[in-house]
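Peer 1: Pasting the sequence and the predicted coordinates here, then a few questions.
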Amino acid sequence: MAELLSLKEAVARLVHDGDTVALEGFTHLIPVAAGHEIIRQGRTGLTLVRMTPDIVYDQLIGAGCASKLIFSWGGNPGVGSLHRFRDAVQHSWPVPLEIEEHSHAGMANRYVAGASGLPFAVLRGYTGTDLPMQTDTIKPITCPFTGERLAAVPALNPDVTIVHAQRADRAGNVQIWGITGVQKEAVLAAKRSLVTVEDVVDELEPRPGAIVLPSWAVTAVAKVPGGARPSYAAGYYERDNDAYQAWDAIGRDRESFTRWLDELTGVKA
């Protein structure tokens, strides 16, 4: 059964230096508060995994938490580039960052393979692209039945996956609705998992379109109201578009970012 922990305690127990960490969420239910706690606890050498890294990954990279990023698209959605990400790749600030790029389909299939206990996934999604020439973890494979040339990608099995959800019950069963992306697959593929939630309730009420992550698939649950802000949580709050706009100026400049980081971590200038 999943343990109910504080966010601080959950991150301390589950996220270690050098881990492969996935913080998944697609436009919605992005586990921002958990990302900030990882920064506060000073984790380093992480391999960060996410289909669509946005500003919380920019913040983790800028804070020096990451040594590698595995992803399929990166940016400040609706605004532009991730400037801390670019600075790390182009200028190794604050530390060098290795990148491994896939397509969305490739990343999703890697999570599915990991969740299924398979060593790799097979797909057509790379046909006609040059990604196989840039990414060592994309290999050609021939179908033994039809002879069709396909692409194989290795399973993703993060050391820890972190997602945000609307609610959990006291036994640790988690309920998510709205745009669910690959949260389920990413949790099932991981060795450990943390779900931050808006509410902990006595009983989960049925909801159309919702999925449930059973307690046995979740290591820990932490109640963190507002834990997805500035992204949104269906049924709780809307996306804070101004925050994404504001991040562009903060992330663009090293001094502005450092002031933001000092404020987050409680370091006085």
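Peer 2: Thanks, I have it. It should be emphasised that the depicted structure is a prediction, and the values quoted were computed from it without experimental measurement.

Peer 1: Please report the separation between the first and final residues of stretch 206-213.
Peer 2: 13 Å (Cα to Cα, to the nearest Å).

Peer 1: buried set for that stretch?
Peer 2: Residues of stretch 206-213 classed as buried by neighbour count (16 or more other Cβ atoms under 10 Å): Ala210, Val212, Leu213. Glycine gets a C-beta too; all of them are placed from N, C-alpha and C.

Peer 1: in the sheet, who's paired with the residue lying closest to Val187 once chain neighbours are set aside?
Peer 2: Nearest residue to Val187 in three dimensions, chain neighbours excluded: Ser193, at 4.6 Å (Cβ to Cβ, 6 or more residues apart in numbering). Taking DSSP bridges, one obtains Thr161 as the residues bridged to Ser193.

Peer 1: and Ser193, how many residues sit next to it?
Peer 2: 25 (other Cβ atoms under 10 Å).

Peer 1: before we move on, back to that, could I get the buried residues of stretch 206-213 as TSV with distance to Leu14 and pLDDT?
Peer 2: Shown next, in TSV, are the buried residues of stretch 206-213 (distance: Cβ to Cβ, whole Å; pLDDT from 0 to 100):
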residue	distance to Leu14	pLDDT
Ala210	25	94
Val212	21	93
Leu213	16	97
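
Peer 1: which one among these gets closest to Ser103?
Peer 2: Ranked by distance to Ser103 (Cβ to Cβ), the buried residues of stretch 206-213 are led by Leu213 at 25.7 Å.

Peer 1: and stretch 67-83, average pLDDT?
Peer 2: The pLDDT scores in stretch 67-83 average 97.

Peer 1: Buried residues, it. List them.
Peer 2: Ser67, Leu69, Ile70, Phe71, Ser72, Gly74, Asn76, Val79, Leu82, His83.

Peer 1: again with stretch 261-269
Peer 2: For stretch 261-269, the neighbour count (16+ other Cβ under 10 Å) marks Leu261 as buried.

Peer 1: and that stretch, C-alpha only, in PDB?
Peer 2: Extracted in PDB, the C-alpha atoms of stretch 261-269 (Å, rounded to 0.1, in the frame of the first residue of the first chain):
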ATOM      1  CA  LEU A 261      16.600  30.300  -7.400                       C
ATOM      2  CA  ASP A 262      17.800  32.000  -4.200                       C
ATOM      3  CA  GLU A 263      14.200  32.900  -3.500                       C
ATOM      4  CA  LEU A 264      13.000  29.400  -4.100                       C
ATOM      5  CA  THR A 265      15.700  27.800  -1.900                       C
ATOM      6  CA  GLY A 266      15.600  30.400   0.800                       C
ATOM      7  CA  VAL A 267      19.100  31.700   0.200                       C
ATOM      8  CA  LYS A 268      19.400  35.400   1.100                       C
ATOM      9  CA  ALA A 269      21.300  37.600  -1.400                       C
END
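
Peer 1: Can you tell me what sits against it?
Peer 2: Applying Cβ atoms under 8 Å, 6 or more residues apart in numbering, the external contacts of stretch 261-269 come out as His36, Ile39, Arg40, Gln59, Gly62, Ala63, Arg259.

Peer 1: wait, which of the residues you listed is closest to Asp87?
Peer 2: Distance to Asp87 across the contacts of stretch 261-269 (Cβ to Cβ) is lowest for Gly62, with 7.4 Å.
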